[in-house]
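Enquirer: coordinates only, no sequence provided:
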Ligand SMILES: [Zn+2]
């Protein structure tokens, strides 16, 4: 059997330290012990057992990351066949969740000038910004071409630019963007520093950066252990308030707020996933998704607000 040779080694994404960090959590079958071909089904979620790359904690900067992970080429191949993972979630629940992020953003951002959103998907958050904000320009970087039309429809009365990449913001003037938003993007990036530094160049003085991520230091992972849904093949690192602050400081940002976020879920969906997370898969499969009851839950996500640090 092939082992490590299939996947590149990765240094700590914050301090770039190569020293082995301490093992925090791993799945029974460890992804790093398999080969690429045998991970394509687990990646799509079609596999009976939960498999992920082991997470280690860097002793310097406390971030939780996978020292062995997919290469960027492997990731590109995998993301091109990623199924829509929100398909079983009703739109009303998604809208409520995204709107709660918007409510946090408007406490910090004047909602004027240019907005850069990375990974807006079909643009639910973007629409709140278009309807309730006074942004003049929308820069939307969304690799999934299938959603571009839906996205365009939500900002059709505004000046907008929809790009197929996730990075490379050369078309945007330096120091021109008032607000940057990344919702469940940073956990997925192989090189979060590179992207944050690129963003920094584009931000105007006093600009606001809002980042939604999982919070590995929240209550949920402490009792679901390795079953926590955010431990998965899609996340080469996971943040806590402490480690995201460290990353932002390293990249020339100043963190000005970190808040737990509220996610809205249909009651049936919650029950099903709750049963799965505690190992009662058979019972979980019996629960129907269809229900009109939508419940707010703090589910181990956070929104981090940062601005440019002075003198950088
Ligand atoms: Zn580190």
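Expert: That came through, no problem. Note that the structure is a prediction, hence the values are computed from the model and not measured.
Enquirer: up against the ion, what does this structure have?
Expert: Applying Cβ under 5 Å from the ion, one finds that the chain approaches the ion through 12, 14-15, 17, 58, 60-61. C-beta: built from backbone N, CA, C; applies to glycine.
Enquirer: in ChimeraX, select just the buried ones from these.
Expert: The buried residues among these can be selected in ChimeraX (16 or more other Cβ atoms under 10 Å) with this line:
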select :12,14,15,58,61
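Enquirer: least confident pick among the residues of the chain next to the ion?
Expert: pLDDT across the residues of the chain next to the ion is lowest for residue 17, at 85.
Enquirer: quick check: it vs residue 28, distance?
Expert: 28 Å (Cβ to Cβ, to the nearest Å).
Enquirer: and the helices in the stretch 151-300 of the chain?
Expert: 192-202, 219-224, 241-250, 267-277, 281-286 (DSSP state H, counting those that start in this stretch).
Enquirer: kindly report the same for the stretch 1-150 of the chain.
Expert: Taking DSSP H, counting those that start in this stretch as the test, the helices found in the stretch 1-150 of the chain are 40-43, 72-79, 91-108, 124-132, 148-154.
Enquirer: okay, those helices, which one's buried deepest?
Expert: helix 124-132 (a mean of 20; mean count of other Cβ atoms under 10 Å).
Enquirer: and that one, what does it pack onto?
Expert: On a contact count with 3 or more Cβ pairs under 8 Å, 6 or more residues apart in numbering; DSSP states H and E, helix 124-132 meets helix 91-108, strand 112-118, strand 134-141, helix 148-154, strand 177-183.
Enquirer: now with 7 Å?
Expert: Here helix 124-132 touches helix 91-108, strand 134-141, helix 148-154, going by 3 or more Cβ pairs under 7 Å, 6 or more residues apart in numbering; DSSP states H and E.
Enquirer: reformat these as TSV; add distance to residue 308 and mean pLDDT.
Expert: What follows is those, written out as TSV (distance: least, Cβ to Cβ, whole Å; pLDDT from 0 to 100):
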stretch	distance to residue 308	mean pLDDT
helix 91-108	13	92
strand 134-141	18	98
helix 148-154	27	96
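Enquirer: quick one: which of those is nearest residue 124?
Expert: The closest of the helices and strands packed on helix 124-132 to residue 124 is helix 91-108. By Cβ to Cβ, the value is 4.5 Å.
Enquirer: need the winner for burial among the helices of the stretch 151-300 of the chain.
Expert: Taking mean count of other Cβ under 10 Å, helix 241-250 is the most buried of the helices of the stretch 151-300 of the chain, at a mean of 20.
Enquirer: contacting residues around it?
Expert: The contact list for helix 241-250 (Cβ atoms under 7 Å, 6 or more residues apart in numbering) reads 14, 61-63, 192-193, 213, 215, 217, 255, 258, 302, 304, 306.
Enquirer: pLDDT weak spots in the stretch 51-200 of the chain?
Expert: 82-88 (pLDDT under 70).
Enquirer: try 90 this time
Expert: Scanning the stretch 51-200 of the chain for pLDDT under 90 picks out 60, 76-96, 144, 166-167.
Enquirer: residue contacts, the residue of it found nearest the ion?
Expert: Closest contact between the stretch 51-200 of the chain and the ion, by Cβ to the ion, is at residue 58 (3.2 Å). By Cβ under 7 Å, 6+ apart, the residues touching residue 58 are 12, 14-15, 17, 21, 65.
Enquirer: coming back round to it: can I get the helices of the stretch 1-150 of the chain in CSV with distance to residue 234?
Expert: Output for the helices of the stretch 1-150 of the chain, formatted as CSV (distance: least, Cβ to Cβ, whole Å):
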stretch, distance to residue 234
helix 40-43, 8
helix 72-79, 9
helix 91-108, 18
helix 124-132, 19
helix 148-154, 21
